[in-house]
Each structure stands twice: as structure tokens, then as C-alpha cells.
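Asks: Whatever this is, show me its structure:
(one chain, ligands or ions: 1)
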Amino acid sequence: HWTMEEFIGKEIARIREICGPAGRVIGAVSGGVDSTVAAKLMHEAIGDRFHAIMVDNGVLRLNEAKQVHEMLNTNLGVNLSVVDASDLFLSRLEDIEDPEQKRKIIGNTFINVFEDEAAKIEASEESKGKGRVEWLLQGTLYPDVIESISFKGPSATIKTHHNVGGLLKDMKLKLIEPDEVRALGRLLGIPAPLVQRHPFPGPGLAIRILGPVNRSQVAILQQADSIYIEEIRKAGLYDQIAQAFAVLLPVRAVGVMGDARTYEQVIALRAVQSEDFMTADWYVFPPDVLRRISSRITNEVAGINRVTYDISSKPPATVEWL
Ligand code: XMP
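Replies: Numbering: from 1, shown residues only. Reported below is the predicted structural model:
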């Protein structure tokens, strides 16, 4: 039996031993609880010899890249580069509707961008005289970021595994359960709202936009999703829900505004309760909360005139729509 404090102490000692006095490590962060906890642990162990990379893939939630920078760099003091690669991702995603193709494009582009950035960090002025980056932080504490680009196959879930560049040695943190990651995060001083955050898939909003992905569709979904989550938090329901998000449907429906007929897109709201996401039940909202969310989305988000609520459980549905 071990306590979480002992785990942290041992992990820090182990990381320091692996790295030696000068070893440097890079790792991807997503803003999720897993990679944030892993980055904080690395920072505690080796300070600025750990360098985190956050890739903005153009399909993040509203203001997410900025918030991750604020949290990891400003608040937690982690050495961080945020790379805005949204143009590259969105150009490769243009006209792609197939969900598995979206996942593959995002996974492969992520590897390209991460490798380029790692090379830049290695070659930078700031890196001079500091020795080579030798290690790649892999898989974080629980499968996340790179390893989480999974594919929904007909029968199996295949996870890609990449060792960036094939040159770096893997730095593996111990695999622990999601609840333990959260407890670890709290002990490391990571703020509660982040520790309690719902999971967010690696392919991001690209698998929540059912039609083609482009800047205007991303902007519509970001706004709707942000209103949805804000109202859930205001109602004090966020921690009762395992995962909540908005989905942008590629169909248009008729509506009315003033004297005029509108013909606009539809937002589907999803919220589930689940232990492990292998099965999930749709969440029963108080009606007034749904009413407020619907009214705000249809009034505030240009291009949306209708909101529906998804009452499907998993199985036979999945949590995500794609
Ligand atoms: P499904 O839709 O398979 O989702 O019922 C179960 C959980 O997995 C997440 N999910 C993903 N996470 N990359 C990820 O990192 C993906 O490609 C992916 N697809 C689904 C989903 O958000 C839910 O938490």
C-alpha cells in the first residue's frame, strides 16, 4: 500500500535519476488533466529541463490554447511552446467528412508539427549549451494526447503509437487510473476546475462537426459548446456529468425570426453519465436548464436556429457522434 505523497516523491526521484544532471525532456500537452498533471510532475522533477509543446490544431474549444498557456506557463511555471498550426490542420481537413480519415489526418499532422517544433527547440538560442533533448515524455500518466488518437474501427479500437522522430528515448510515467490522476493533480496544486474537467478527444471538434470542417463551422460549434458548458457550470451540474459537449449537424432546418423565414443549422447537445465510457447513460437535465441553454444558443450563435437533445445511451450509440 502506498500513499499519493509517496508516489509523487518516488516518481520525482525516478525521473531525476533517469535524466541525470543535464538530461532534457520534451512532451506534448493538451490542456487535459492527464497531460497537465504529467507536465507539472516533470516540472517539479527537472524544472526548465522539461519543455512542453501544445499544438493548436484549429479544432480546440473556444480560447483553449490561450487558457492552456495561462494555466501551464503563467500559473504552474512550466516551460511551454504553443504552436498555432491551425492553418495546416484545417487545410488538410478541407472537404473531409469521413470520421476515420479526420482522425488519421489529425494524428499524422500532429506528429509532423510536434517533430518540427521539437527540432526548433533543440536548435534555439535558448537551448545553446544545455545539451541535447534526449527524452520524449510518452503517453503521460494515462493514455492521452499522441496515444489517444484512436480509430473507431468496426470491431476493435486501434491506437496509434509513435515515437517522434524515432530518435528520442521514451520517458514513461507510471500508468495510473483516472481517479488517481485527479488525486495526484490536487496534491500537486492544480486548480480544481482543471482537475475535474471532462475528457476531450484528441481529434477535438473535428469529430463533433458532422460535415466538412472549416473555420466558420468551428467558430459556430465553439460558441455553442462554450454557452452549453457555461450554463452547466452555472447550474452547478458540471461534476455530476461525465462528459458534455455540443455537436454541429450538417443539416439545415427552417425557423422564423421577426417576419422572416430562416434556414439554418442544428446543434445537438450531448451529456452522459458513465464510469468508464464503455457504457454510458444520457443525462436527465432539469427542464429549465435545457430551456436556458437552447434559448441562448439560438439567440447568440449566428447560423443556428434549432437545438436538440441527444437521448441515446451507449450502447447502441457511442458517446461521440463520429
Ligand atoms: P465513444 O464515442 O467511443 O467515446 O463512445 C468514448 C470516449 O472516448 C472519447 N473518444 C476519443 N478520445 N480520441 C480520443 O482521444 C478519439 O479519437 C476519440 N474518440 C472518442 C470520447 O470523447 C469519450 O470520452
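Asks: now the strands for the stretch 201-322 of the chain?
Replies: Ranges of strands in the stretch 201-322 of the chain, per DSSP state E, counting those that start in this stretch, are 243-257, 260-273, 281-282, 304-309.
Asks: Can you find the helix or strand in the chain with the smallest mean pLDDT?
Replies: strand 157-159 (a mean of 38; mean pLDDT, DSSP states H and E).
Asks: What's the first helix or strand after that strand?
Replies: From strand 157-159 onward toward the C-terminus, using DSSP states H and E, the following helix or strand is strand 169-172.
Asks: downstream neighbour of that next one in the secondary structure list?
Replies: Next along the chain after strand 169-172, taking DSSP H and E as the criterion, comes helix 178-187.
Asks: hang on, the earlier thing: for the ligand, find the nearest of the strands of the stretch 201-322 of the chain.
Replies: strand 243-257 (5.3 Å; C-beta to the nearest ligand atom). Every C-beta, even on glycine, is put in place using the N, C-alpha and C of the backbone.
Asks: What lies in contact with the closest one?
Replies: Contacts of strand 243-257 with the rest of the structure, by C-beta atoms under 8 Å, 6 or more residues apart in numbering, involve 198-199, 208-212, 217, 220-221, 224-225, 228-229, 232, 238, 261-272, 274, 277, 280, 283, 297-298, 305-306, 310, 319, 321.
Asks: among the strands of the stretch 201-322 of the chain, which is nearest residue 126?
Replies: Nearest of those to residue 126, taken as C-beta to C-beta: strand 243-257 at 37.4 Å.
Asks: Tell me how far the closest one lies from the chain's centre.
Replies: Taking C-alpha atoms, centre = their mean, to the nearest Å, one finds strand 243-257 lying 22 Å from the centre of the chain it belongs to.
Asks: For stretch 307-322, output the C-alpha coordinates as PDB.
Replies: Coordinates of each C-alpha in stretch 307-322 appear next as PDB, following Å, rounded to 0.1, in the frame of the first residue of the first chain:
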ATOM      1  CA  VAL A 307     -31.300  22.800 -30.700                       C
ATOM      2  CA  THR A 308     -32.000  19.200 -30.000                       C
ATOM      3  CA  TYR A 309     -31.000  17.000 -27.000                       C
ATOM      4  CA  ASP A 310     -29.500  13.500 -27.600                       C
ATOM      5  CA  ILE A 311     -31.400  10.800 -25.600                       C
ATOM      6  CA  SER A 312     -29.300   7.900 -26.800                       C
ATOM      7  CA  SER A 313     -27.400   5.600 -24.400                       C
ATOM      8  CA  LYS A 314     -24.200   3.700 -25.200                       C
ATOM      9  CA  PRO A 315     -24.600   1.000 -26.500                       C
ATOM     10  CA  PRO A 316     -26.100   1.100 -29.100                       C
ATOM     11  CA  ALA A 317     -25.000   4.700 -29.700                       C
ATOM     12  CA  THR A 318     -21.400   5.900 -28.800                       C
ATOM     13  CA  VAL A 319     -20.600   8.900 -26.700                       C
ATOM     14  CA  GLU A 320     -19.300  10.900 -29.700                       C
ATOM     15  CA  TRP A 321     -21.400  11.100 -32.900                       C
ATOM     16  CA  LEU A 322     -18.400  10.200 -35.000                       C
END
